[in-house]
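**Student:** Give me a 3D structure for the following:
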Amino acid sequence: MKHAIIDSPIGELTLVGDGDGDVVTGLYFPHHWTRPDRTAFGPRDDSAFPAAAAQLKEYFAGQRTEFDVPTRADGPAFDRAVWAEIAKIPYGATATYGDLARSVGVLPQEVGAAVGRNPLSILVACHRVVGKNGKLTGYAGGVRRKEFLLELERPPADERGQLW
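**Tutor:** Numbers count the residues shown, from 1 in each chain. As a prediction, the model looks like this:
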């Protein structure tokens, strides 16, 4: 394992992954709700994960709508099923916790817990999951960051058809 810290418009982001820097297993904010113990991140190498860092830079510049870096999200099967549903939400769109709950056949609260455990924030865009009627609810990086990311992806007024 190793990690890199990169700057972004929403603060430093910590990328974590395999020792070769090929597969990203975590993307965390400062004060991330479910951030694992930093000792599990391995040594810091800010030159690691160059493709992920470049794609994140393009995303924040409005030049990228999808990520294609190799990722691996470890977690229970239920969480991985929810994360797979999140990955289907396209750039510029949102889905509610209820929408995801119906997709996986559980209660919205169960989905909310799994969303909060997503280790690949932004790359698996859990910021696109909103509350009933588009309400911005909790986010592992804070609601302010969630609002920023949704605004970054917001289509022009004539193309909107979202909940937010």
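
**Student:** Please enumerate residues in contact with the lowest-mean-pLDDT helix or strand in the chain?
**Tutor:** The helix or strand of the chain with the poorest confidence is helix 108-116; it has a mean of 90 (mean pLDDT, DSSP states H and E). When contacts are defined by CB atoms under 8 Å, 6 or more residues apart in numbering, helix 108-116 is touched by residues 33-34, 75, 78-79, 82-83, 86, 96-98, 100-101, 104, 126, 129, 137-138, 140. (Glycine included, C-beta is placed from N, CA and C.)

**Student:** repeat that with 7 Å
**Tutor:** With contact meaning CB atoms under 7 Å, 6 or more residues apart in numbering, helix 108-116 is reached by 33-34, 78-79, 82, 86, 97-98, 100-101, 104, 126, 129, 140.

**Student:** for stretch 3-16, same thing?
**Tutor:** Counting by CB under 7 Å, 6+ apart, 1, 24-30, 41-42, 44-46, 48-49, 52-53, 56, 60, 145, 148 sit against stretch 3-16.

**Student:** if we can go back for a sec, go ahead and measure how far the least confident helix or strand of the chain is from the middle of the chain.
**Tutor:** 14 Å (CA atoms, centre = their mean, to the nearest Å).

**Student:** Next secondary structure element downstream of that helix?
**Tutor:** strand 129-130 (DSSP states H and E).

**Student:** what about the nearest residue to Ile89 once chain neighbours are set aside, neighbour count?
**Tutor:** Counting by CB to CB, 6 or more residues apart in numbering, Ile89 lies nearest to Arg128, which is 4.4 Å off, once chain neighbours are set aside. By other CB atoms under 10 Å, the residues close to Arg128 number 23.

**Student:** What's the separation between Arg128 and Arg144?
**Tutor:** 16 Å (CB to CB, to the nearest Å).

**Student:** how is the chain carved up into domains?
**Tutor:** The chain breaks down by automatic domain parsing into domains covering 2-60, 77-159.

**Student:** As a markdown table, those with distance to Glu66 would be great.
**Tutor:** Below are the domains of the chain laid out as a markdown table (distance: least, CB to CB, whole Å):
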| stretch | distance to Glu66 |
| --- | --- |
| domain 2-60 | 9 |
| domain 77-159 | 7 |
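
**Student:** Between the ones you listed, which one is closest to Pro70.
**Tutor:** Among the domains of the chain, domain 2-60 comes nearest to Pro70, with 4.6 Å by CB to CB.
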